[in-house]
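A.B. asks: I'll drop the sequence and a predicted model, then ask my questions.
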Amino acid sequence: MHSSTIALITGFLGVAAGQCPAVWTDVATDLKALFVDSNGAATDDARAAIRTTFHDCFPEACDGSLILAGECSDRGENSQMVGICSTLGDKATQYNVSTADTIQLAAALGVAAALGPTIAFKAGRVDSSTANPTGQIPGANAAADSIVSDFEAKGFTVTELIALIGAHSAAKNLAGVALDSTVDDLDTNFYSETTDGIAPASLQSDINLSNSSTTSGDWTTFAGSLSDWQAAFVPAMEKLGLMGVDEASLTDCSSVVTAAFSSRKARGDPFAASTRAVAGRNPHASRNGWNSDLGLDM
């Protein structure tokens, strides 16, 4: 049997048996280098990567159309992600892997870079160059009831919505101002600071959600408990990353995420707090990061 045929069969059997293709380790290594700066802080690329999963998946499906159909450059709500879209598209081409999968891996690595909890990464999504429907991303000034309705229409509960909004802890507005005082970390300061009106900047949509009788209960719960938020955020993010995807056809590659950040600890671990203190960074520093004025932007 020809050696190339043997390699193809071996590769297929490896995936069928649940073995993650080795190429994803290389992709993860490359992306990690872009997502953590010399001080150990999450970079603007990491912030943008977290955002891309919502903008690729929420309109209809996690199919890479954010990049492959030009949605990143053609739609106003995606205008702040042109750079990361170019980077992830180039990586997918370089390693000959699915663009849709690359977006999901980047989001999981972005969360890890910001000392967030581990998000599962499964590979095997089918790419599409057909654009997803327009007008699906809630606006930055949207009313709470409208946002809840948009998410319920996509199959998300109020609790899942408010958990996903917590990703704004690592976000900035269009002026480069952080949405909470610890923008380098995915923590829960965002919730309390938004409610109390002491965040460096806030989106009106977030203020609306914090005040609504429909959503304020979950908002208050997460403001008071990092563990409760993480317990809700992880499955909500993983659910988001499976929109329009047959999960049974995917291969679990979560190990590449944990391996890439094996020396780092999630927020809430004493090691994480100590490394932040040693770095001595200014969380309010204005950088062109994950800017959230255009669209609700998880």
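C.D. replies: Yep, that arrived.
A.B. asks: ok but residue 47 is inside a helix, no?
C.D. replies: Yes - using DSSP: H, G, I helix; E, B strand; the rest coil, the assignment for residue 47 is a helix.
A.B. asks: hang on, isn't it packed against residue 169?
C.D. replies: No - at 10.4 Å, residue 47 does not count as touching residue 169 under the criterion of Cβ atoms under 8 Å. For every residue, glycine as well, the C-beta is placed using N, CA and C.
A.B. asks: what touches both of those two?
C.D. replies: Each of residue 114 lies in contact with both residue 47 and residue 169 under the rule Cβ atoms under 8 Å, 6 or more residues apart in numbering.
A.B. asks: ok, which stretches of the stretch 101-250 of the chain are helices?
C.D. replies: 144-153, 158-165, 189-196, 204-211, 216-224, 226-240 (DSSP state H, counting those that start in this stretch).
A.B. asks: I'd like those as CSV, with distance to residue 103 and mean neighbour count appended.
C.D. replies: Listed next are those as CSV, based on distance: least, Cβ to Cβ, whole Å; neighbours: other Cβ atoms under 10 Å:
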stretch, distance to residue 103, mean neighbour count
helix 144-153, 20, 16
helix 158-165, 16, 23
helix 189-196, 23, 21
helix 204-211, 23, 20
helix 216-224, 25, 18
helix 226-240, 11, 19
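A.B. asks: Which of those helices sits closest to residue 39?
C.D. replies: Closest to residue 39 of the helices of the stretch 101-250 of the chain is helix 189-196 (Cβ to Cβ; 19.4 Å).
A.B. asks: which sections of the stretch 1-150 of the chain are below the confidence cut-off?
C.D. replies: Applying pLDDT under 70 to the stretch 1-150 of the chain flags the ranges 1-17.
A.B. asks: and the gap between residue 213 and residue 172?
C.D. replies: From residue 213 across to residue 172, the span is 29 Å (Cβ to Cβ, to the nearest Å).
A.B. asks: ok, those two, which is more surrounded?
C.D. replies: residue 172 (27 against 7; other Cβ atoms under 10 Å).
A.B. asks: Return the per-residue confidence for the more buried one.
C.D. replies: We note a pLDDT of 82 for residue 172 in this prediction.
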